[in-house]
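[1] here's a sequence, model it:
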Amino acid sequence: MEWDLLEKTTFWIENVELNNADLGLVAATAAAALELEPREVMVVDVRPGLVAFDILRRRVQAETVAGKEQEILRSLAELPGVNIKPGAAVHSEGVLGLIALEPEEAARVLAESEAMAREIGQAVARRAIVFASGSEVIAGKIKDTNSPYIISALEKTGYRAKYGGILEDDAVAAANRLEGALEEGYGLIITTGGVGAEDKDFSIEAILRLDPGACTPWILKFKPDYHRHHKEGVRIAVGKVGLAYLVALPGPHEEARLGCDRLLSGLEQGLEKESLAEYIAGALRERWRSVMKEGGHEHGLPGRCC
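    The predicted model follows:
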């Protein structure tokens, strides 16, 4: 289990004296006790009776840190120039304070933390919010039939789903709305529309602002004419921020339905971001191929996912 140190990366030892000690070796020894790389720990302060350390990373594995006080003290005591006195102890103002736990107590805390994290993760994963998008929906020119369908499908599969409103045709404004949903603890955030080639389509770009590594496979591609089409084609997006998935589906109702059904099926199968994106995109591509065979025209359909 990973812990975020939340800027509280310093710990210190009281009742310790140094005499011509090698600070690099002292830091490396503390790092080894915490199962960190030598370069990830440095000594930041030495005073009479006190040595302070800083961990040069924001996140640590809980199992490598909790209950490690005696191992740190024992390892440092073996170094030349380090005198660990009776009553020596490790302190920290943050999560690193758990270094000082007895091993049995540390094991109990870790077990409880893992159970709590699991419960939170399960609760967040089942909270969903659905956004429509586009000025034509805002203006009432187009009825939003996608959101009711998706919300109903989510609820039938055990999600607590909510309608989030309509995203504007603006990448920054849309990203801000999606970020707000993340902050509210939704584990599944779905948008429909805004994934096409027109210069007013920004759902993909909004998700990429929140997850630059989001998978955005093409559904179909064509050469931009820079009149109506300013991009190379139509994509979907599947991003992940923390525990939450962000998914951009097409706007046409049949495609939104198909994308939603594949999304829920993929999540049920436990597919991760890249596989999930390709699972959805593959079905949408196949639908387009069928449409083309019935009288459409050919488009390139690359298979690369991310």
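
[2] V234 pairs with what?
    Legend: beta-bridge partners of V234 under DSSP bridges are L220.

[3] so it versus N19, what's the distance?
    Shown here: V234 relative to N19, a distance of 70 Å by CB to CB, to the nearest Å. In this view, the C-beta of every residue, glycine as well, is placed from N, C-alpha and C.

[4] span of stretch 137-156 from start to end?
    Distance between the boundary residues of stretch 137-156 (CA to CA, to the nearest Å) amounts to 26 Å.

[5] can you give me the helices in the stretch 51-200 of the chain?
    62-65, 69-77, 103-125, 135-138, 146-156, 171-183 (DSSP state H, counting those that start in this stretch).

[6] CSV for those, including mean pLDDT?
    Output for those, formatted as CSV (pLDDT from 0 to 100):
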stretch, mean pLDDT
helix 62-65, 86
helix 69-77, 95
helix 103-125, 84
helix 135-138, 81
helix 146-156, 97
helix 171-183, 95
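
[7] reformat those helices as TSV; add mean neighbour count.
    Rendered in TSV, the data for the helices of the stretch 51-200 of the chain read as follows (neighbours: other CB atoms under 10 Å):
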stretch	mean neighbour count
helix 62-65	18
helix 69-77	18
helix 103-125	13
helix 135-138	16
helix 146-156	18
helix 171-183	18
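
[8] with respect to G282, which of these lies nearest?
    Closest approach to G282 among the helices of the stretch 51-200 of the chain is made by helix 146-156 (19.2 Å; CB to CB).

[9] what is the closest one packed up against?
    With contacts defined as 3 or more CB pairs under 8 Å, 6 or more residues apart in numbering; DSSP states H and E, helix 146-156 has these neighbours: strand 127-133, strand 160-167, strand 188-192, helix 253-268.

[10] redo that, cut-off 6 Å
    Here helix 146-156 touches strand 127-133, strand 160-167, helix 253-268, going by 3 or more CB pairs under 6 Å, 6 or more residues apart in numbering; DSSP states H and E.

[11] now mean neighbour count too, for the ones you listed, in a markdown table please.
    Formatted as a markdown table, the helices and strands packed on helix 146-156 follow (neighbours: other CB under 10 Å):
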| stretch | mean neighbour count |
| --- | --- |
| strand 127-133 | 26 |
| strand 160-167 | 19 |
| helix 253-268 | 19 |
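
[12] now the ones you listed as TSV including mean pLDDT and distance to E71?
    Formatted as TSV, the helices and strands packed on helix 146-156 follow (pLDDT from 0 to 100; distance: least, CB to CB, whole Å):
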stretch	mean pLDDT	distance to E71
strand 127-133	96	40
strand 160-167	95	44
helix 253-268	96	41
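
[13] count the neighbours of the spatially closest residue to G259 that is not a sequence neighbour for me.
    Of all residues not flanking G259 in the chain, L249 sits nearest, at 3.8 Å (CB to CB, 6 or more residues apart in numbering). Using other CB atoms under 10 Å, the number of residues around L249 comes to 28.

[14] ok, back up a step: could I get the helices of the stretch 51-200 of the chain as CSV with distance to G266?
    Listed next are the helices of the stretch 51-200 of the chain as CSV, based on distance: least, CB to CB, whole Å:
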stretch, distance to G266
helix 62-65, 30
helix 69-77, 44
helix 103-125, 14
helix 135-138, 26
helix 146-156, 13
helix 171-183, 20
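
[15] picking up where we left off before, and the gap between the residue nearest to G259 and Y149?
    L249 is 11 Å from Y149, by CB to CB.
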